[in-house]
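A.B. asks: sharing a model that was predicted from the sequence below.
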Amino acid sequence: MIRVLFLCTGNSCRSQMAEGLLRHFGNNKFEVFSAGTHPSFVHPLAIEVMKEIGIDISNHKSKHVSEFLGQKFDYVITVCDRAKESCPTFPGQVKRIHWSFEDPAEATGTKEERMKVFRKVRDEIKEHILSFINEIEISAGG
């Protein structure tokens, strides 16, 4: 099983959505976790936009990256620039990947305007997740 940790600052939106998406599309090939350098809570709008595409992250909890120190991961994927800068090192042959997404939690305006930003970021993360899965399958020989 391929172990993947998604990191961002608050572990409230981007990393939570990435965790849910990889778990959903990964065909049980991945053991998936997410954490933040300054964890807070899982954003209600992140839960809502994921539910729109049939993925339930309502039971996810925001976790601090320190909970995972000392564990081995195949991939540590940072999904925001601040997390990349403060990402701790993990033991073993971990592959570090960085994907930069805007923080939907910073969106302003009406609920619908903020939902558009959450949907846009969710869809960008989904594209990255599907490409990531495809690359893993190609490198594993199918």
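C.D. replies: Sure, I can see it.
A.B. asks: lowest-confidence helix or strand of the protein?
C.D. replies: helix 81-85 (a mean of 62; mean pLDDT, DSSP states H and E).
A.B. asks: alpha carbons only: can I get stretch 124-136 in PDB?
C.D. replies: Taking Å, rounded to 0.1, in the frame of the first residue of the first chain, the C-alpha atoms of stretch 124-136 are listed here in PDB:
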ATOM      1  CA  GLU A 124      -7.900  21.700  -9.600                       C
ATOM      2  CA  ILE A 125      -7.000  19.300  -6.800                       C
ATOM      3  CA  LYS A 126      -9.000  16.500  -8.500                       C
ATOM      4  CA  GLU A 127      -7.100  17.000 -11.700                       C
ATOM      5  CA  HIS A 128      -3.800  16.700  -9.800                       C
ATOM      6  CA  ILE A 129      -5.000  13.600  -7.900                       C
ATOM      7  CA  LEU A 130      -6.000  11.800 -11.100                       C
ATOM      8  CA  SER A 131      -2.700  12.700 -12.800                       C
ATOM      9  CA  PHE A 132      -0.800  11.500  -9.700                       C
ATOM     10  CA  ILE A 133      -2.700   8.200  -9.700                       C
ATOM     11  CA  ASN A 134      -2.000   7.800 -13.400                       C
ATOM     12  CA  GLU A 135       1.700   8.400 -13.000                       C
ATOM     13  CA  ILE A 136       1.900   5.900 -10.100                       C
END
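A.B. asks: what sits up against it?
C.D. replies: 2, 14, 17-18, 21-22, 25-26, 29, 53, 77, 79, 97, 99, 101 (C-beta atoms under 8 Å, 6 or more residues apart in numbering). Glycine gets a C-beta too; all of them are placed from N, C-alpha and C.
A.B. asks: what distance separates the top helix by length along the chain from the middle of the whole chain?
C.D. replies: Secondary structure of the chain per DSSP state H: the longest helix is helix 111-139. With C-alpha atoms, centre = their mean, to the nearest Å as the basis, helix 111-139 stands 9 Å off its chain's centre.
A.B. asks: check contacts around V49.
C.D. replies: Contacts of V49 (C-beta under 8 Å, 6+ apart): 17, 115, 118-119, 122.
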